[in-house]
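Trainee: Compute the structure for the input listed below.
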Amino acid sequence: MTDPTALPPMALPARATHRFVEVDGVEVFYRESLPERADAPVLLLLHGFPSASHQFRRLIDNLGRRYRLIAPDYPGFGHTRSPEGFTYSFERLADIVEGFTERLGLTRYALYLFDFGAPVGFRLALRHPGRVTGLVVQNGNAYTEGLSDAAREFTALTPDSPGAEQTILNLFTLAATRAQYEGGTADPTLVAPEGWLLDQYFLDQPGRKEAQLALAYDYKSNIAAYPDWQAWLREHRPPTLITWGTGDPFFPEPGARAYLRDVPAAELHLFPTGHFALEDHLPGMAPLIADFLDRLPS
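Mentor: Predicted structure coming up:
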């Protein structure tokens, strides 16, 4: 029998923990790797819709021995528990994640911006630019050219738009959740079903569809904030790694290339897959992320 302790260190999954921490009445669930070095670089993993911290489980396994990877669930997602009457908006999600970083004493971290993680992360960056060591952008949009026609139509919906509520609710079905994972991929069999099945489980919990409906109507606040985010990028020119699935039906490839206008030195890597690029392209993306983190200022 093979002795697992004899395997190369990076062949073994990282040790990780999961806990809850209270922030402004919200019980925030999070996952955190336990790296071998106490001073390991920190990467704050900000998940997308309709997912949660579990979308980063394999990345944590792969890189968590060398880096401190921290992945919270937002209010309305995953295992996080919100109080009655919580207001679901992207500003409030950022408030809770900001409080979460302060509860954990995080003063320097890189941001992993994916989907909803971009509007949450850019809000954090604008509030605390000195804390951000770099950006890993994976299908996290900050430019109007990064919105597909379908995304433009969807984000323009208001409560007064005819049929708007039903149009949004249709996105919360099992078929739609699965399509978000498999759409744009070259080989859907490389996308494990556990991700979209777990996402749907959380979407079907009491109160979750109402929370997501509110966030869908509020998404236009992010588009209005794009100029501020772009100005922040131009001013601070953070080290930036862009890894992007080119088959994303929501945020197409032009959204990835647009970052180069404001951060010309950004590293751009395109992958022939869809929205959830880590699901089938982790072996290509993880080494890029590791190399990037190794080169960030301590």
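Trainee: List the buried residues in the helix or strand where T101 lies.
Mentor: Element membership for T101, per DSSP states H and E: helix 90-103. Using 16 or more other CB atoms under 10 Å as the test for burial, helix 90-103 gives 90, 92-101. Yep, even glycine has a C-beta here, placed from its N, CA and C like the rest.
Trainee: So Y217 versus I223, what's the distance?
Mentor: 13 Å (CB to CB, to the nearest Å).
Trainee: still on that earlier bit, right, and out of the buried residues of helix 90-103, which lies closest to A151?
Mentor: F90 (15.4 Å; CB to CB).
Trainee: For the closest one, give me its contacts.
Mentor: Neighbour list for F90: 116, 119-120, 123, 215, 218-219, 221-222 [criterion: CB atoms under 8 Å, 6 or more residues apart in numbering].
Trainee: close enough to count as contact, A14 and R58?
Mentor: No: taking CB atoms under 8 Å as the definition, A14 is not a contact partner of R58, at 10.6 Å.
Trainee: So the two - more neighbours on which side?
Mentor: A14 (20 against 17; other CB atoms under 10 Å).
Trainee: Tell me the secondary structure at the closest residue to T17 other than its chain neighbours.
Mentor: The spatially closest residue to T17, leaving aside those adjacent along the chain, is E32, at 5.5 Å (CB to CB, 6 or more residues apart in numbering). Three-state call for E32 (DSSP: H, G, I helix; E, B strand; the rest coil): strand.
Trainee: OK, contacts around E32?
Mentor: 16-19, 68-71.
Trainee: List only those of the residues you listed flagged as buried.
Mentor: Buried among those by 16+ other CB under 10 Å: 16, 68-71.
Trainee: pretty sure D24 contacts V97?
Mentor: No: if you go by CB under 8 Å, D24 and V97 don't touch, sitting 11.0 Å apart.
Trainee: Please, which helix or strand holds A110?
Mentor: strand 109-113.
Trainee: Name the residues of the helix or strand following that strand that are buried.
Mentor: Proceeding C-terminally, strand 109-113 gives way to helix 117-127 as the next helix or strand, assigned by DSSP H and E. For helix 117-127, burial by neighbour count (16+ other CB under 10 Å) applies to 117-126.
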